[in-house]
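Colleague: turn this into a model:
(chains A and B)
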Amino acid sequence: MPLPPADIIENTLAVLIVEDEFLVRWPAAEFLRERGYTVIEATDSADAISILNSGAHVDIVFSDINMPGELTGHGLGEWLDRNHPNVPLLLTSASPTEADKVTTSDKRRFIAKPYELGEVGAQLEAMCRVR
Amino acid sequence: MSTDRDAGATIIVIEPDVLVRMVVAKYLRECGYRVIEGTEAADVWAAIDSGIKVDIVFAEVRLTGKTNGFSLASLLRQKHPEIDVILTSSPDSAAEKTKQLCDDGPIGKPYHPGDVAARIRQILARRGSSKKT
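Modeller: Predicted coordinates:
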């Protein structure tokens, strides 16, 4: 089946952003909403899990790795593997060593901070296309 | 639910409970408002310092961090009287103090997001009529 055009994908994606820093999360959320995404904002992995357990529709998760709370972004990835294996995860961190800890696949990618918001959007769209 | 008249107003929702925040923020966006989501008082100052023109802050009384909702409302009145504040909280004991800090009293929890939207419309309408006179 042919893939839908990019603009249709852009306008239907529900993205869960997990980021504890307000001044990082807010611009990313605004940028994605302006592009037509539905964006849900969480500040740590526990919040993200609450949202996913609530039944809210989430197509893809964009998460920081280093966050307060028990689970890092890596831990959130493991939880997704067990509970929502079809939901892709784009991880981010300012720490260069974190990139090496991410086993990339169709459903798992890494983008380094500071990131270009346009690049985040492109990565999210690409990951959802191959789902 | 949607009101063209109010579209474009910027509302900051400060609510630590993600499931409560998600629902009310989504509802207010569907009403046409620009909604900024935060979890603590510091997020309000960060948004204001970023140059955003904020119309209304809708905040939970019980917040993490150094400043609770009461202090946030009080500080906003002093420093940014042009920003209206709506407080929300569960315990009735907080109601009287909340009433002192927002003109129309608190919105008790649990609330329907429509109650929040109605209060926002009320505030914006009052502002509109005061500008005309």
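
Colleague: so residue B:57 sits in a strand?
Modeller: Yes - under DSSP: H, G, I helix; E, B strand; the rest coil, residue B:57 sits within a strand.

Colleague: next helix or strand past the helix-or-strand element of chain B with minimal mean pLDDT?
Modeller: In chain B, no helix or strand scores lower on mean pLDDT, DSSP states H and E than helix B:95-101, which sits at a mean of 61. Helices and strands here follow DSSP states H and E; after helix B:95-101, the next one along the chain is strand B:107-108.

Colleague: ok, what's across the strand from the closest residue to residue B:111 other than its chain neighbours?
Modeller: In this structure, residue B:111 finds its nearest non-sequential neighbour in residue B:88, 6.5 Å apart by Cβ to Cβ, 6 or more residues apart in numbering or on different chains. Using the backbone N, CA and C atoms, a C-beta is placed for each residue, glycine as well. Per DSSP bridges, the residues bridged to residue B:88 are residue B:60, residue B:107.

Colleague: so who does residue B:88 touch?
Modeller: Residue B:88 makes contacts with B:15, B:58, B:59, B:60, B:61, B:106, B:107, B:108, B:109, B:111, B:116, as judged by Cβ atoms under 8 Å, 6 or more residues apart in numbering or on different chains.

Colleague: ranking by neighbours, what's the top pick from those?
Modeller: Counting neighbours by other Cβ atoms under 10 Å in any protein chain shown, residue B:59 leads the contacts of residue B:88 with 29 neighbours.

Colleague: any idea what the most centrally placed residue in chain A is bridged to?
Modeller: Central residue of chain A (Cα atoms, centre = their mean): residue A:62, 1.3 Å from the mean position. Taking DSSP bridges as the rule, residue A:62 bridges to residue A:17, residue A:90.

Colleague: kindly report the same for residue B:56.
Modeller: residue B:11, residue B:84.

Colleague: thought it was touching residue B:12?
Modeller: Yes - the pair residue B:56 / residue B:12 is scored as a contact, 7.4 Å apart, by Cβ atoms under 8 Å.

Colleague: OK, contacts around the single nearest residue of chain B relative to chain A?
Modeller: For chain B and chain A, the shortest gap (Cβ to the nearest Cβ) falls at residue B:18, measuring 4.0 Å. Residue B:18 makes contacts with A:41, A:42, A:43, A:47, A:50, A:51, as judged by Cβ under 8 Å, 6+ apart.

Colleague: that older thread, give me the lowest-pLDDT entry from the contacts of residue B:88.
Modeller: Within the set of those, pLDDT is lowest for residue B:106 (84).

Colleague: wait, doesn't that residue sit right on residue B:73?
Modeller: No - Residue B:106 is beyond contact range of residue B:73, at 10.2 Å (criterion: Cβ under 8 Å).

Colleague: give me the common contacts of those two.
Modeller: residue B:87.

Colleague: I figured residue B:108 hits residue B:89, correct?
Modeller: Yes - judged on Cβ under 8 Å, residue B:108 makes contact with residue B:89 at a distance of 7.3 Å.

Colleague: rewinding a little: farthest-separated two in the contacts of residue B:18?
Modeller: Farthest-apart pair in the contacts of residue B:18 is A:41 and A:50; separation 12.3 Å (Cβ to Cβ).

Colleague: and residue 71, what's its pLDDT?
Modeller: No chain specified, so I'll use chain A. On the pLDDT scale, residue A:71 gets 96.

Colleague: you answered for a different chain; I wanted chain B.
Modeller: The model's pLDDT for residue B:71 equals 94.

Colleague: shaky segments in chain B?
Modeller: Applying pLDDT under 70 to chain B flags the ranges B:1-7, B:91-103, B:131-133.

Colleague: quick check: residues of it near chain A?
Modeller: B:18-19, B:21-22, B:25, B:29, B:36-39, B:42-43, B:46-47, B:50 (Cβ under 8 Å from any Cβ of the partner chain).

Colleague: which two in these are spaced the farthest apart?
Modeller: It's B:19 and B:50 that sit farthest apart of those, by Cβ to Cβ, at 26.5 Å.

Colleague: strands along chain B, start to end?
Modeller: B:10-14, B:34-38, B:56-60, B:84-89, B:107-108 (DSSP state E).
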